[in-house]
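*Asks:* sequence unknown, structure follows:
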């Protein structure tokens, strides 16, 4: 009999409430589903036939519940479930972060399983201090992405791949610590729950993966997901210097993830609800937003680009341009006219399969459209920005969102406007919509926000995401700070060269060190790095950023004009409009009609 089957209806609600907003429709219902009945719901059909069938949950929500039930009845997750309802014991406390170059793994004397959903993460204490050890399913992609973050001056948690001997020492020490608990559980059924979780994780994850990563402990860390609204305000208030800085750092992370094709953080160019557990804050309210768990996901196949785009990364071979955008990926009127966004871009040609080529093409188009709108918005007039505040009409919603709106009106008595607002804030997820409808802070945000469309460049989707995670609204000023961060990071990426990327890949490929005779770790690791870090993909993306920057920040010619404040003034050859150029930041801004310009002569 599984431990799940012994839970009461109230305990079942507690468990479901920890599994994320997608299961909120079940967790917040008045249905008394006990553990014995829940543990039988292994398929979506069984969920539909159960007491939960009256909730009008979507097929996706039923499938996700069935998936969680299957997971919670496995031997791997049962210790974690038991720990939720076990009497509280001494809490694990990480020691001061220790140096990665001298961890003293043989002295591990305390350990704790991550409870934030990561399947291969354990916190450990040694004589040297506290660390995180992780058996990642994508260690090479993660290490490269982290090193690239440092290259772009984005705060990140330092990490390194441990040697084969170090890996064996870590697993051996953790096995010794958790073995006694496993034995006690087998004999008496009362082993230490945390150590049991570690024991299961060792044999189900660490022993199944070839590499273990040592990660520097982030001091006084906290996560955006589940953060109290008052704490989130202290972290992200755009009216404060530190809050504005952290919002810019979030913007840099968004741009960084778009370049990497990393889809597990903040949803902007990726169609998902996002993951607030990968937005970390350091040093209480005095630190930075830290990049964690990022990976580079390169599309395979070699794209060809034009000579103009090649020149931006120091190449000169003849080629074909990046894909022309053939459809509008966003709702609403674009800030830039199509003739501008499509400059120097033609159809993709590659040797990839039709499916891969389609996915690659769509992703490039999506990033390109989003990036150019963000950059154009930076210097847009209030009139140009006004379309971002338009109200949508129901005809613009699809069939499923419209059905969800009707459900909101029927169950909660919402009018058309509020129902659509809640659905849009939820990211069109039914479970999240019900959570917002019953959460006072989130509902107030939806009322104030209205049913505006998440137009590319508006970053309204990011504002929605932050509200879903913690209930705090950063406001229009907060969004502006995030956009500044996006533009800052975009300019950094545009300055990268192919040589930078190749050199970084080589540095990551040489991170592994042999630690014993006949050790093949170095060669195996290098092969792995080269197999997942595709320079062709990265240079294609870099040229996209570079091309966008050239159109938004055209390189100036000699100027004989100055503004009253002394900035150089130039004339755009295409539009004949005057703009000023800041040589230090590399940013341009159109000259307003009432701004004085005089001759430099």
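*Replies:* Yes, it's here. Just so it is clear, the structure is predicted and the values come from calculations on it, not from any experiment.
*Asks:* please make it C-alpha for all contacts and neighbour counts, starting now.
*Replies:* Will do.
*Asks:* element containing the spatially most central residue of the chain?
*Replies:* Here the mean C-alpha position of the chain is nearest to the C-alpha of residue 265 (C-alpha atoms, centre = their mean), at a distance of 1.3 Å. When elements are assigned from DSSP states H and E, residue 265 belongs to no helix and no strand.
*Asks:* quick one: it from residue 30, how far?
*Replies:* Using C-alpha to C-alpha, to the nearest Å, one gets 32 Å for the distance from residue 265 to residue 30.
*Asks:* then residue 589?
*Replies:* Separation of residue 589 from residue 30 (C-alpha to C-alpha) stands at 56 Å.
*Asks:* got the contact list for the nearest residue to residue 53 once chain neighbours are set aside?
*Replies:* Spatially, and ignoring its direct neighbours in sequence, residue 53 is nearest to residue 47 (6.5 Å; C-alpha to C-alpha, 6 or more residues apart in numbering). By C-alpha atoms under 8 Å, 6 or more residues apart in numbering, the residues touching residue 47 are 41, 53, 62, 65-66.
*Asks:* check residue 431 too.
*Replies:* By C-alpha under 8 Å, 6+ apart, the contact list for residue 431 reads 21-25, 57, 61.
*Asks:* go again with 7 Å.
*Replies:* The neighbours of residue 431, taking C-alpha atoms under 7 Å, 6 or more residues apart in numbering as the test, are 21-25.
*Asks:* pick the one among the residues you listed closest to residue 428.
*Replies:* Comparing those against residue 428 with C-alpha to C-alpha places residue 22 closest, at 10.7 Å.
*Asks:* and the gap between the residue nearest to that closest one when sequence neighbours are not counted and residue 368?
*Replies:* Leaving aside its sequence neighbours, residue 22 sits nearest to residue 431 (C-alpha to C-alpha, 6+ apart; 4.6 Å). Using C-alpha to C-alpha, we find residue 431 at a distance of 31 Å from residue 368.
*Asks:* can you classify residue 215 as helix, strand or coil?
*Replies:* Following DSSP: H, G, I helix; E, B strand; the rest coil, residue 215 is assigned to strand.
*Asks:* look at residue 589 and residue 30 and report which has more neighbours.
*Replies:* Legend: neighbour count by other C-alpha atoms under 10 Å for residue 589 and residue 30, higher for residue 589 (16 against 12).
*Asks:* which stretch of helix or strand covers that one?
*Replies:* Assigned by DSSP H and E, residue 589 belongs to strand 587-590.
*Asks:* helix or strand for the nearest residue to residue 42 once chain neighbours are set aside, just tell me which one.
*Replies:* Leaving aside its sequence neighbours, residue 42 sits nearest to residue 66 (C-alpha to C-alpha, 6+ apart; 4.8 Å). Element membership of residue 66, judged by DSSP H and E, is helix 59-72.
*Asks:* now for the protein, the helix or strand with the poorest mean pLDDT.
*Replies:* Least confident helix or strand of the chain, by mean pLDDT, DSSP states H and E, is helix 307-311 with a mean of 38.
*Asks:* quick one: mean pLDDT for the strand holding residue 589?
*Replies:* What strand 587-590 shows for mean pLDDT is 69.
*Asks:* what of stretch 290-302?
*Replies:* Here the average pLDDT along stretch 290-302 is 86.
*Asks:* quick check: buried residues in that stretch?
*Replies:* By neighbour count with 16 or more other C-alpha atoms under 10 Å, stretch 290-302 contains the buried residues 290-301.
*Asks:* who's in contact with that stretch?
*Replies:* Outside of stretch 290-302, the residues within contact range by C-alpha under 7 Å, 6+ apart are 141-142, 145-146, 155-157, 260-262, 278-282, 350-352, 360, 532-534, 536-537.
*Asks:* and with 8 Å instead?
*Replies:* 138, 141-146, 149, 154-157, 253, 257, 260-262, 264, 278-282, 350-352, 356, 360, 532-534, 536-538.
*Asks:* ChimeraX command for the buried members of these?
*Replies:* With 16+ other C-alpha under 10 Å as the criterion, this ChimeraX line picks the buried residues out of those:
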select :138,141,142,143,144,145,146,149,154,155,156,157,253,257,260,261,262,264,278,279,280,281,282,360,532,533,534,536,537,538
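*Asks:* what's the closest non-adjacent residue to residue 567?
*Replies:* With C-alpha to C-alpha, 6+ apart as the criterion, residue 567 has its nearest non-adjacent residue at 6.2 Å, and that residue is residue 580.
*Asks:* okay, and the beta partners of that neighbour?
*Replies:* residue 569, residue 589 (DSSP bridges).
*Asks:* and it, how many residues sit next to it?
*Replies:* Neighbour tally, residue 580, other C-alpha under 10 Å: 21.
*Asks:* cool, residue 413 as well?
*Replies:* For residue 413, the neighbour count with other C-alpha under 10 Å is 12.
*Asks:* and it, its phi and psi?
*Replies:* Per-residue torsions, residue 413: phi 70, psi 20 (degrees, to the nearest 10).
*Asks:* same deal with residue 533?
*Replies:* Backbone phi and psi, for residue 533 under degrees, to the nearest 10, turn out to be phi -100, psi 100.
*Asks:* that one and residue 143 touch, don't they?
*Replies:* No: assessed by C-alpha atoms under 8 Å, residue 533 is found out of contact with residue 143, at 10.5 Å.
*Asks:* the helix or strand harbouring residue 538 - what's its average pLDDT?
*Replies:* Assigned by DSSP H and E, residue 538 belongs to helix 535-552. On average, the pLDDT along helix 535-552 is 89.
*Asks:* what's around the closest residue to residue 175 other than its chain neighbours, how many residues?
*Replies:* Among residues not flanking residue 175 along the chain, residue 199 sits closest, at 6.5 Å (C-alpha to C-alpha, 6+ apart). Residue 199 has 25 neighbours, counted by other C-alpha under 10 Å.
*Asks:* state the phi and psi torsions of residue 199.
*Replies:* Backbone torsions for residue 199, taken as degrees, to the nearest 10, come to phi -60, psi -40.
*Asks:* and it, what is it in contact with?
*Replies:* Residues near residue 199 by C-alpha under 8 Å, 6+ apart: 174-175, 178-179, 182.
*Asks:* can you lay out those as CSV showing distance to residue 7, pLDDT and secondary structure?
*Replies:* Shown next, in CSV, are the contacts of residue 199 (distance: C-alpha to C-alpha, whole Å; pLDDT from 0 to 100; DSSP: H, G, I helix; E, B strand; the rest coil):
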residue, distance to residue 7, pLDDT, secondary structure
174, 30, 93, helix
175, 30, 92, helix
178, 26, 86, helix
179, 27, 82, helix
182, 22, 68, helix
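*Asks:* list the buried residues in stretch 356-370.
*Replies:* 357, 360-370.
*Asks:* off-centre distance for it?
*Replies:* With C-alpha atoms, centre = their mean, to the nearest Å as the basis, stretch 356-370 stands 18 Å off its chain's centre.
*Asks:* quick one: the strands in this protein?
*Replies:* 110-113, 121-126, 129-134, 159-161, 213-216, 222-223, 279-281, 289-291, 561-563, 568-571, 578-582, 587-590, 597-599 (DSSP state E).
*Asks:* nearest to residue 423, of the ones you listed?
*Replies:* Once these are compared by C-alpha to C-alpha, strand 279-281 is nearest, at 23.8 Å.
*Asks:* each with direction, which strands does that closest one pair with?
*Replies:* By DSSP bridges, strand 279-281 pairs with strand 222-223 (antiparallel), strand 289-291 (antiparallel).
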